[in-house]
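Peer 1: I'd like to go over a predicted model; first the sequence, then the structure.
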Amino acid sequence: MGSIEGIMPENGGAAAAAPLCNGRAMLSSAMEVDPVSPASGGNDEAATKKVKSGGFPLEVGTRVMCRWRDQNLHPVKVIERRKLPSGGPNDYEYYVHYTEFNRRLDEWVKLQQLDLRTVETYLDEKMEDKATSLKMTRHQKRKIDETHVEGHEELDAASLREHEEFTKVKNIAKIELGRYEIDTWYFSPFPPEYNDCFKMYFCEFCLNFMKRKEQLQRHMRKCDLKHPPGDEIYRSGTLSMFEVDGKKNKVYAQNLCYLAKLFLDHKTLYYDVDLFLFYVLCECDDRGCHMVGYFSKEKHSEESYNLACILTLPPYQRKGYGKFLIAFSYELSKKEGKVGTPERPLSDLGLLSYRGYWTRVLLDILKKHKGNISIKELSDMTAIKVDDILSTLQSLELIQYRKGQHVICADPKVLDRHLKAAGRGGLEVDVAKLIWIPYKEQS
Ligand SMILES: CC(=O)SCCNC(=O)CCNC(=O)[C@H](O)C(C)(C)COP(=O)(O)OP(=O)(O)OC[C@H]1O[C@@H](n2cnc3c(N)ncnc32)[C@H](O)[C@@H]1OP(=O)(O)O
């Protein structure tokens with residue numbers, strides 16, 4: 001581990017910071033596809049100026065069509081380039097951003113994948129502006145936070161640019177975790193000694209990470225853990241949930257945050273894991289409890305956040321675990337006697353999962369309920385914050401504003417149609433199997 005004290009994904013106040021992976025307007029129309037999120041193409045277009053057609057190697061900023069894994073050509077922007085070790089002076093590979101897709105699909109491609117007839121080179125004026133202006137945007141601040149530079153307010157434009165350069169390309173391409181090799185999605189600020197790592201090896205139990213397979217093998221012979229540290233607060237069949245206190249298990253919590261950042265783009269990394277609890281979901285067998293995903297939660301949240309970050313590891317995604325984690329966070333809120341809401345901004349996949357969960361929970365109640373029901377009553381029953389109920393019902397066009405108040409208009413046939421469209425329900429939380437005392441009642 002590096003010398004930093006701790007890291008914690010945190011996104012308070014980041015809503016206005018033009019997050020890279022927020023729930024943009026595409027969400028209603030792109031429910032079933034992966035990639036899910038288009039890029040911020042529109043604004044980019046406005047802020048760039050066509051300068052010239054390039055030669056070789058292609059310039060950073062070049063726009064060109066690129067053959068993707070679906071075998072079709074898609075527009076990309078060259079983010080970075082590097083010389084091929086064995087190649088001649090013009091033999092480069094290019095790190096490209098598919099402008100229609102989310103940043104998690106950015107990748108290194110060979111020249112042969114690019115349709116060179118479509119090459120256009122653009123100079124990004126925004127980048128130029130940054131180099132000459134000393135004014136730091138919130139977005140830039142966020143980038144600096146991600147690389148753990150203290151006192152970043154004082155950084156000049158050149159250093160800022162250096163940091164942007166540093167975070168725009170995924171630093172770690174793959175990780176090994178338990179029996180899975182996983183392609184990473186985003187940059188994560190691992191300590192500098194890991195900079196040259198293509199693949200990292202994680203102990204699936206203590207989450208320590210290493211550069212080489214042999215190190216991991218040696219570690220696995222010594223590591224005593226067979227499950228996350230902390231208390232097992234839920235067990236149902238082969239599923240277990242562990243509550244890990246960031247203060248008591250600092251190194252584990254830090255490791256978890258480094259790991260999670262590889263799949264979370266829009267979260268700022270923050271120092272203090274002490275202030276958070278981590279709920280780690282595992283599938284258990286005779287070899288141990290294998291992490292499936294987790295969510296973090298502030299011990300005390302003034303904004304009534306009941307979840308800070310949520311992650312299902314890619315091999316386990318689309319199996320209902322995300323909605324299970326969300327449901328679990330609301331069960332904890334119910335036990336606390338509070339309403340809750342996730343920290344903003346939500347990622348594209350985060351918003352899809354929450355929208356699916358809220359829709360299903362609310363419509364199930366509306367379907368069964370006889371007589372009138374208020375938004376407040378719905379909130380009390382579900383621990384879902386009133387704003388989230390309103391936005392969900394509004395997006396389903398089930399709510400009208402009449403005579404100064406919101407009225408739910410729930411035709412059973414319409415409810416059925418929406419429920420069908422809301423996707424699967426996710427794995428159920430069996431509340432009887434949750435044994436948990438809210439944090440404030442301890443100590
Ligand atoms: C507050 C915050 O932390 S916001 C950040 C949220 N976290 C992230 O973005 C990290 C990376 N993403 C993830 O870890 C996961 O995608 C999660 C946690 C958001 C969802 O986890 P999953 O285990 O895949 O969720 P689950 O299987 O319950 O599916 C939830 C719904 O999300 C949608 N969804 C999830 N993945 C996809 C995808 N790749 N493409 C389209 N829709 C998707 C679907 O509507 C799905 O429901 P359905 O399968 O019934 O149609």
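Peer 2: Structure's in. What do you need?

Peer 1: now the strands: where do they sit in the stretch 51-200 of the chain?
Peer 2: 62-67, 73-83, 92-98, 107-110, 114-124, 174-177, 180-183, 199-202 (DSSP state E, counting those that start in this stretch).

Peer 1: Let me have these in CSV, extended by mean pLDDT and distance to Asp388.
Peer 2: For every residue, glycine as well, the C-beta is placed using N, CA and C. Shown next, in CSV, are those (pLDDT from 0 to 100; distance: least, CB to CB, whole Å):
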stretch, mean pLDDT, distance to Asp388
strand 62-67, 96, 38
strand 73-83, 95, 34
strand 92-98, 95, 31
strand 107-110, 94, 35
strand 114-124, 80, 37
strand 174-177, 98, 32
strand 180-183, 98, 31
strand 199-202, 98, 34
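
Peer 1: Next up, the contacts around the residue of the stretch 201-350 of the chain found nearest the ligand.
Peer 2: With CB to the nearest ligand atom as the measure, Gly322 is the residue of the stretch 201-350 of the chain nearest to the ligand, at 2.2 Å. The contact partners of Gly322, taken as CB atoms under 8 Å, 6 or more residues apart in numbering, are Gly293, Ile310, Thr312, Leu349, Ser353, Gly426.

Peer 1: At which residues are the strands of the stretch 301-443 of the chain located?
Peer 2: Under DSSP E, counting those that start in this stretch, the stretch 301-443 of the chain gives strands at 305-307, 310-312, 341-342, 399-402, 405-408.

Peer 1: Looking at the strands of the stretch 51-200 of the chain, which is nearest to Gln394?
Peer 2: Closest approach to Gln394 among those (CB to CB): strand 92-98, 31.8 Å.

Peer 1: what packs against the closest one?
Peer 2: strand 73-83, strand 107-110 (3 or more CB pairs under 8 Å, 6 or more residues apart in numbering; DSSP states H and E).

Peer 1: Let me know which of these is tucked in deepest.
Peer 2: When these are scored by mean count of other CB atoms under 10 Å, the highest mean neighbour count falls to strand 73-83 (a mean of 19).

Peer 1: Now do that strand against strand 62-67, angle only.
Peer 2: 110 degrees (axes from the mean of the first three to the mean of the last three CA atoms, to 10 degrees).

Peer 1: List of residues touching strand 73-83?
Peer 2: Under CB under 8 Å, 6+ apart, the answer for strand 73-83 is 44, 57-68, 91-101, 106, 108-109, 114-115, 118, 122, 168-169.

Peer 1: distance between it and the chain's centre?
Peer 2: On the basis of CA atoms, centre = their mean, to the nearest Å, strand 73-83 sits 23 Å off its chain's mean C-alpha point.

Peer 1: Only alpha carbons, please: show that strand as PDB.
Peer 2: Once non-C-alpha atoms are left out, strand 73-83 reads as follows in PDB (Å, rounded to 0.1, in the frame of the first residue of the first chain):
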ATOM      1  CA  LEU A  73     -17.600   1.600 -37.400                       C
ATOM      2  CA  HIS A  74     -18.200   4.200 -34.700                       C
ATOM      3  CA  PRO A  75     -16.900   7.800 -34.300                       C
ATOM      4  CA  VAL A  76     -14.000   8.100 -31.900                       C
ATOM      5  CA  LYS A  77     -11.700  10.900 -30.700                       C
ATOM      6  CA  VAL A  78      -8.100  10.100 -30.100                       C
ATOM      7  CA  ILE A  79      -7.300  10.800 -26.500                       C
ATOM      8  CA  GLU A  80      -3.700   9.500 -26.400                       C
ATOM      9  CA  ARG A  81      -1.200   7.700 -28.500                       C
ATOM     10  CA  ARG A  82       1.900   5.600 -27.800                       C
ATOM     11  CA  LYS A  83       4.600   4.000 -29.900                       C
END
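
Peer 1: Show me what it pairs with in its sheet, parallel or antiparallel.
Peer 2: Its sheet considered, strand 73-83 pairs with strand 62-67 (antiparallel), strand 92-98 (antiparallel) by DSSP bridges.

Peer 1: and of the ones you listed, who's closest to the ligand?
Peer 2: The ligand lies closest, by CB to the nearest ligand atom, to one member of these: strand 92-98, at 15.0 Å.

Peer 1: Just send the strands of the stretch 51-200 of the chain back as a markdown table, with distance to the ligand too.
Peer 2: Below are the strands of the stretch 51-200 of the chain laid out as a markdown table (distance: least, CB to the nearest ligand atom, whole Å):
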| stretch | distance to the ligand |
| --- | --- |
| strand 62-67 | 21 |
| strand 73-83 | 17 |
| strand 92-98 | 15 |
| strand 107-110 | 17 |
| strand 114-124 | 26 |
| strand 174-177 | 14 |
| strand 180-183 | 12 |
| strand 199-202 | 16 |
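
Peer 1: how far away is Asp286 from Gly426?
Peer 2: Per CB to CB, to the nearest Å, Asp286 is found 27 Å from Gly426.

Peer 1: Settle it for me: which of these two has more neighbours?
Peer 2: Comparing Asp286 with Gly426 by other CB atoms under 10 Å, the one with more neighbours is Gly426, at 19 against 5.

Peer 1: can I assume Glu336 is in contact with Pro438?
Peer 2: Yes. Applying CB atoms under 8 Å as the test, Glu336 and Pro438 come out as touching, 4.6 Å apart.

Peer 1: Of those two, give the one with the bigger neighbour count.
Peer 2: More crowded of Glu336 and Pro438, by other CB under 10 Å: Glu336, with 17 against 13.

Peer 1: quick one, what contacts that one?
Peer 2: Here Glu336 is in contact with Pro438, Lys440 (criterion: CB under 8 Å, 6+ apart).

Peer 1: likewise His97?
Peer 2: Contacts of His97 by CB under 8 Å, 6+ apart are Ala39, Val76, Lys77, Ile79, Arg103, Asp106.

Peer 1: Write down the beta-bridge partners of it, one by one.
Peer 2: Lys77.

Peer 1: I'd assumed Ala383 was in contact with Gly340.
Peer 2: Yes. Counting by CB under 8 Å, Gly340 does reach Ala383; the two are 5.7 Å apart.

Peer 1: any common contacting residues for those two?
Peer 2: Asn306, Tyr330, Ser333.

Peer 1: Most neighbours of all the residues you listed, which one?
Peer 2: Going by other CB under 10 Å, Asn306 tops these with 26 neighbours.

Peer 1: Show me which residues of the stretch 151-300 of the chain sit near the ligand.
Peer 2: Residues of the stretch 151-300 of the chain lying near the ligand by CB under 6 Å from any ligand atom: Phe263, Leu264.
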